[in-house]
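>>> Predicted model and sequence below, questions to follow.
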Amino acid sequence: MENLIALLVGAPLLGAAVLLCGGRRLDKAGHWLGTLLAAVSFGIGVALFADMLGRGAEDRTLYQHLFSWVSVGSFQADFAFRLDQLSMTFVLLISGVGTLIHVYSIGYMEHDERRRRFFGYLNLFVAAMLLLVLADNYLLLYFGWEGVGLASYLLIGFWQHKPSAATAAKKAFLVNRVGDIGLSIAIMLMFTTFGTFAFGPVLANADKASEGTLTAIGLMLLLAACGKSAQVPLQSWLGDAMEGPTPVSALIHAATMVTAGVYLIVRSGAIFNAAPDAQLVVTVVGAVTLLFGAIVGCAKDDIKKALAGSTMSQIGYMVLAAGLGPVGYVFAIMHLVTHGFFKAGLFLGAGSVMHGMNDEVDMRKYGGLRRYMPVTFVTFGLGYLAIIGFPGLSGFFSKDKIIEAAFAKGGTEGWILGGAALLGAGITAFYMTRVMLLTFFGEKRWQPAPDADQVPSAEPAAEHRAGRMPHPHESPKSMTIPMIVLAFGSVFAGAFFGLGDRFLNWLEPVTGYEHGNPPVGALTVTLSTMVVLAVGVAIAWSMYGRKPVPVVAPRGSFLTRAARRDLFQDDFNHVVLVRGGEHLTRSLVYVDHSLVDGVVNGTAASVGGLSGRLRKLQNGYARSYAVSMFGGTVVLIAATLLMRAV
Amino acid sequence: MNPVNYLYLAALLFTIGAAGVLIRRNAIVLFMCVELMLNACNLAFVAFSRMHGNLDGQIIAFFTMVVAAAEVVVGLAIIVSLFRTRHSASVDDASLMKL
Amino acid sequence: MSALAAAATTTSTGEAIQFWVLAVVAVIGALCTILMKKAVHSALCLAGTMIVLAVFYLANGAYFLGVVQVIVYTGAIMMLFLFVVMLVGVTAADSLKETIKGQRWLAALCGLGFGILLIAGLANAKLTHFNGLGRVNSAGHVEGLAQLIFTRYIFAFEITGALLITAAVGAMVLTHRERTERAATQRELSEKRVREGVQVPPLPAPGVYARHNAVDIAGLLPDGTPSELTVNKTLRARGQIRDVSTEALDDLKALEQRSAERLGRDSREEASK
Amino acid sequence: MTFPLLTVTAAVPAVGAVLTAAVPAKQRTAAKWLALLFSLATLALAVLVAVRFEPGGARYQLTESHAWIADFGVRYELGVDGIGVALIALTALLIPFVIGAGWNDADPLETNSSRWRPTQGFFALILMVEAMVVISFEATDVFLFYIFFEAMLIPMYFLIGGFGDRAHAGSDENAAAQRSYAAVKFLLYNLVGGLIMLAAVIGLYVVAGNFSLQEIAAARAAGTLDMATNTERLLFLGFFFAFAVKAPLWPLHTWLPNAMGEATAPVAVLITAVVDKVGTFAMLRFCLGLFPEASKWATPVILVLALISIVYGALLAVGQRDIKRLVAYASISHFGFIILGIFAMTSQGQSGATLYMVNHGISTAALMLVAGFLISRRGSRLIADYGGVQKVAPVLAGTFLIGGLATLSLPGLAPFVSEFLVLVGTFARYPVLGAIATIGIVLAALYTLVLYQRTMTGPVKEEVRTLPDLRPRELLVVAPLIALLIGLGVYPKVLTDIVNPAVQHTLSDVKKTDPKPEVAVEAKNGEAVK
């Protein structure tokens, strides 16, 4: 059975290779091939899952060793896979949601001439992501980690002719590279500490190393996670990443890739467990990000950017949970999975809305769409209820547990973290209600599509529709079916996982579990969450539901303006990093030219000047040369005589 | 009189010849100055021969004469062909060695 | 000969007188060689010096060399020089004006230094003991030379032989111009002249101005300037053309002056008209 | 007597050079095919060398030794260790691509010029360089090595100065002046390095009495050859200086951007991917082998210089406006990594450095050759003159991107393995330096992606609109390089198996062992747990 693991990665990888190298003749069938191979991967995943359920909890972990990858001295990295409950969860999520989004993209990308390539990139992403979660050592994980980064780069910049898309892609890759420094240093630290970086030996022996080393490793892993999962302070790329086609935002920048950081922290749980300081930092990062993302999400008028802020915030929840240790690991992953369903659903819904609205992304120009797009409305609405944690839906089960666990941390920390999580839940309710109201309710605020070249993030098909009023319509079946499937997940996954502790029992052997006791009692937490949620919805309704919404955004308060600008994070980056970097490189170019090269050229110039003067002796007259020869002879004779005299 | 005076004379003639090479521009005169230097050397060799009491010096002088003859033949031929092409016998005109 | 053999540190009075007289002659000859303006004079002065040297060879017991010096050097080589001087122009006087900056000063400095050093070196060398050639000449002077040449110096001798032959061939190669194509006939030449149209009639004769009827004087054109064409190419190349154009122009001016005086007119008026 | 395989491997391109040069002026195509044939023959021989080489066997294999200049103890001694085999393979591998990429670069502009034979000369010089580089990798006699190390400059000088990039911003005269400036700068820098090395070579002879690397190293190890500390240090510095110029190490690097900018793209590849490797190779073989103590003495300074090279080269690459100069500065950064790995004195560092030499050769070749194709199409080297190429020439853009990704060491492509090994090897001994060096990986991403973004993406520029995509010949040159990048990235074992034993020997030269991990772990990997 374990020999099938490689096929999980292999199938989409084959798809990527065929689609990207195949050339134009595959244009007709390429998307079918890509979807099929993603589905094959999902099928194998299901088969392995069934097999895994058939075995006892202790021997559910499978290994597959392919070959020795890098082997120098004691540095041994194998190309080996490890399939345990944790990776199984991810495999099903990735290949399942991945397949759905492949199907969705068939319709969504129908008019794009480069659809074949799009599917190639999607397959590449699925392969890399599966490699990431299946790797048996950190170096192979790094391989997958960068692989998804590459896929993300290619897909964000898929519409490369738009400078904004190309810039966003570059930015995403660069910010991730900063995070990669963390991952590489963490691996190096593991190597110098344990002499290996395979999961088994490192995690089994984690407690033997000194706490300082473990804290360092933990912080470096956190840096990596921050990059990939868009956590403060490396969150700035995620909003821009919405330049990519919407299916990409759904798959990569909502459901799967951005959660890789959570996977990394949970996977390295043994290290974090032994490094409380690192854990504390993780929780702080999670709490800050969940508020940050939520605040940003409140102010954005671009539907995808609002959802991106939400994603950031939800991942903040997961990171917070992961930082709580064994109390929270399971819930982090659970929220990750349910979030995968409802956030993918929300993004696909947003894509469907844009599809019907001339690729308009400004929610202020939507309104009243529920009658024109019933399926989208319903699926989006279910996703909305799930994300705000409406009782009984997915989000309720997973998010509630996280808030509970945060309070259970105990002490002042527990109150602060729990309070932040609670506040975040309220803000979530506010901004998601805002999205909902702006998009589907209220009066129509539709605007004619601007000229193609002025569209800020227009997709290529926009060129044909310039200047016309939108005619909202329901999307084709290939798009609505995935949305419906995901809506099912959004509604029922939480209850399925949460009731009877199914998910807990499934993951516990890998991640471990401790029950945390919140100081106020679980029911109190749940009830207060409900209250906060109701308040958030009410405020949103009072602001956007009761009165008409202006098409052009009002100036707003300072906080609103700050949130629109991502709380000035980009401005800070621009001033400090970009400008500073430009000045640095420019001055270095100058230094290289005038100083480093100048010293050498100066020497050369002085030698040149001297020889230029000496050259005048070479006047071409034989007699002049004869004089020098004769003079030389005289000097020689004089020298000889002098030497003899001495 | 000490026969070493022959050597002083030879040195003097050699120096005069060398100075001639340096200051004259006519290639023919230049060659004559070279001949003068060679002759000065010959005189010195002959004087040395007398000093050492063997004939080697004279033989060297003899060879010098032969080589000088060959040199003059070739040198004058060069001057003639040079004159044919450049219409001048001045060594300064042949300054193509200059850049 | 016995006197020579006996001579260790001094020579006979006769030789001394001969040396002092002839040495002066030799030095004067050498100086004249480098200072004479015309190459012919230089050559003659050099020949003089060489003959003096021949005498010195004889005085030093190098009889064979002395004779060779006169016959080969002064006789043959100097004649070669004279031939070449005649070939490239007897009257081609060498301007003694120095053109290279500082050359003469440097040459003088070097020469002076060289001379002083050489003489100082000789003076320091303590060359006082002269063995004389008595012993080696006992079996005959020429025989002694021959014995050395054909034994110890045989290779050098052979090589100088080769050198001489090479030099002879080399001189021929350098000066010889092979005629590679058939000489053009007179007909072809005239046809060529017409075709090119540069100078169809025969070249104008030199010295058409009656007072100077000579081959080295360029004929004057009507405006009084000399025409290069009228003088032989070789003379032109050697720069041996006498220019009378300025004289002619002056004469012309004088003539006009005189005629103006005779006619009582102001030449300026004439000009302004 | 056994078959002199190493001599033949070096001699085949030399013979090829002579024959190519002798091809009549009109038969340009024949000259090209002849050169390609000989380079492929060399490749076959190099493969044979790699096959005949036994990784577990003696340190130097396939040795040949003949007396040469007996009076000075100079011998014609050849032999390869794993590092040499890897680099010979790299050289022999890249030259056919260089020839293929430069197929039309040296054709005379006027087709009727019959006397001047640039094409023949171009390919003959390339083969000549190959022969000299190969023999430098083989020589185990210091003097023999020195001769070819220096002689290499002559054909390189003519390749840089004689066959410039036709795509130049300024006028032809200006281009010629720039080119000759670059060629002279290249020559002078390397000559100065070479002269200092010559002094050190002579000094070594005075001290040791012969030039044989193996004998001297053996005597050093056995303690029969004592060098005064200062003598050893001076000699080390003499050698190192020459290699650091060639490598090039900051601050001796400024010749490289000029040379690579002005030369044609294939020649630029030849410089940075092949010729410069002799410098880093020689550091491993000669500096560490002959002067172990001095090497250890100089390590801190060299490591800091290497670190400066990494960061400085990358920052300057970001600031460049010329594509080829950008690649040159990127190479300076990469050479910093190689030198860092060599002087970290760990098995990971040195194996990584050796792998890095090979991988950098392949990745730079891929990037530079594609850049060359691009430049020859548009006729400009300025980044600002491009934009949106991806739209009109997707295959070109795709290969360019893969070359760029290799340059930024993306996992899955060959350079990642080597870069990570260098970093780990450095980190194991000098954690702070290793951590600082990781800045290089961010900067690498910055300059590569900025380059890609500015040239390939965005709106299509008017002048770019008509650029053709890669032609079959060009694709044939690039595709195998990309395949190699992926192959060596996923399965680098083919190289590490050959290189590891040689690195162990080198480490034993300097009497260094890998640092031990903090915690002893029994189970090595997942399988043991199962």
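Structure's in. What do you need? Residues are numbered from 1 along each chain as shown, chains lettered A, B, ... in the order given.
>>> Which part of the stretch 151-273 of chain C gets nearest to chain A, residue-wise?
C:Leu174 (18.3 Å; CB to the nearest CB). Heads up, the C-betas are built off the backbone N, CA and C, glycines and all.
>>> Contact partners for that residue?
Contact criterion CB atoms under 8 Å, 6 or more residues apart in numbering or on different chains gives B:Val74, B:Ala77, B:Ile78, B:Val80, B:Ser81 as the residues in contact with C:Leu174.
>>> repeat that for 10 Å
By CB atoms under 10 Å, 6 or more residues apart in numbering or on different chains, the contact list for C:Leu174 reads B:Val73, B:Val74, B:Gly75, B:Leu76, B:Ala77, B:Ile78, B:Ile79, B:Val80, B:Ser81, B:Leu82, B:Arg84.
>>> From the centroid of the chain, which residue is nearest?
By default, I'm working from chain A. Centre of chain A computed as the mean C-alpha position; nearest residue by CA atoms, centre = their mean is A:Val258, 3.4 Å away.
>>> ah, no, chain C please
Short answer for chain C (CA atoms, centre = their mean): C:Ala39, at 3.3 Å.
>>> Is that one in contact with B:Arg25, as I believe?
No: with contact defined as CB atoms under 10 Å, C:Ala39 does not reach B:Arg25; the gap is 11.1 Å.
>>> Does the closest residue to A:Tyr366 other than its chain neighbours fall in a helix, a strand, or a coil region?
Leaving aside its sequence neighbours, A:Tyr366 sits nearest to A:Thr439 (CB to CB, 6 or more residues apart in numbering or on different chains; 4.6 Å). Classification of A:Thr439 using DSSP: H, G, I helix; E, B strand; the rest coil returns helix.
>>> What number of residues are in the vicinity of A:Thr439?
Residues contacting A:Thr439 under the criterion other CB atoms under 10 Å in any protein chain shown number 25.
>>> That one reaches A:Leu307, doesn't it?
No: A:Thr439 is beyond contact range of A:Leu307, at 11.0 Å (criterion: CB under 10 Å).
>>> joint contacts of these two?
A:Gly349, A:Ala350.
>>> how far out from the middle of the chain is the strand ranked longest in chain D?
Assignment by DSSP state E gives strand D:61-69 as the longest strand of chain D. Relative to its chain's centre, strand D:61-69 lies at 26 Å (CA atoms, centre = their mean, to the nearest Å).
>>> Buried residues, it. List them.
D:Gln61, D:Leu62, D:Thr63, D:Glu64 (16 or more other CB atoms under 10 Å in any protein chain shown).
>>> ditto for stretch D:226-235
D:Met227, D:Thr231, D:Glu232, D:Arg233, D:Leu234, D:Leu235.
>>> list the contacts for the residue nearest to A:Tyr366?
A:Thr439 touches A:303, A:306, A:349-350, A:353, A:357, A:363, A:366-370, A:373, A:376-377, A:380, A:384, counting by CB under 10 Å, 6+ apart.
>>> and those, which are buried?
A:303, A:306, A:349-350, A:353, A:357, A:363, A:366-367, A:369-370, A:373, A:376-377, A:380, A:384.
>>> Restricted to helices, list the residues you listed.
A:Ile303, A:Ala306, A:Gly349, A:Ala350, A:Val353, A:Thr376, A:Phe377, A:Phe380, A:Tyr384 (DSSP state H).
>>> quick one: the third one from D:Ala265, how far?
Applying CB to CB, to the nearest Å, one obtains 50 Å for the distance of A:Gly349 from D:Ala265.
>>> Could you pull out the helices in the stretch 51-200 of chain C for me?
Secondary structure of the stretch 51-200 of chain C, counting by DSSP state H, counting those that start in this stretch: helices at C:63-68, C:78-88, C:103-124, C:141-150, C:154-175, C:186-196.
>>> Deepest in the core, which of those is it.
helix C:63-68 (a mean of 20; mean count of other CB atoms under 10 Å in any protein chain shown).
>>> from the chain's centre, how far out does that one sit?
The answer for helix C:63-68 is 25 Å, by CA atoms, centre = their mean.
>>> go on, stretch D:177-187?
20 Å.
>>> Any part of it near chain B?
No: between stretch D:177-187 and chain B, judged by CB under 10 Å from any CB of the partner chain, nothing touches; the nearest distance is 16.3 Å.
>>> repeat for stretch C:35-43
Yes: Stretch C:35-43 reaches chain B (CB under 10 Å from any CB) through C:Leu35, C:Met36, C:Lys37, C:Lys38, C:Ala39, C:Val40, C:His41, C:Ser42, C:Ala43.
>>> With secondary structure as new columns, can these be given to me in CSV?
Formatted as CSV, the residues of stretch C:35-43 next to chain B follow (three-state DSSP):
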residue, secondary structure
C:Leu35, helix
C:Met36, coil
C:Lys37, coil
C:Lys38, coil
C:Ala39, helix
C:Val40, helix
C:His41, helix
C:Ser42, helix
C:Ala43, helix
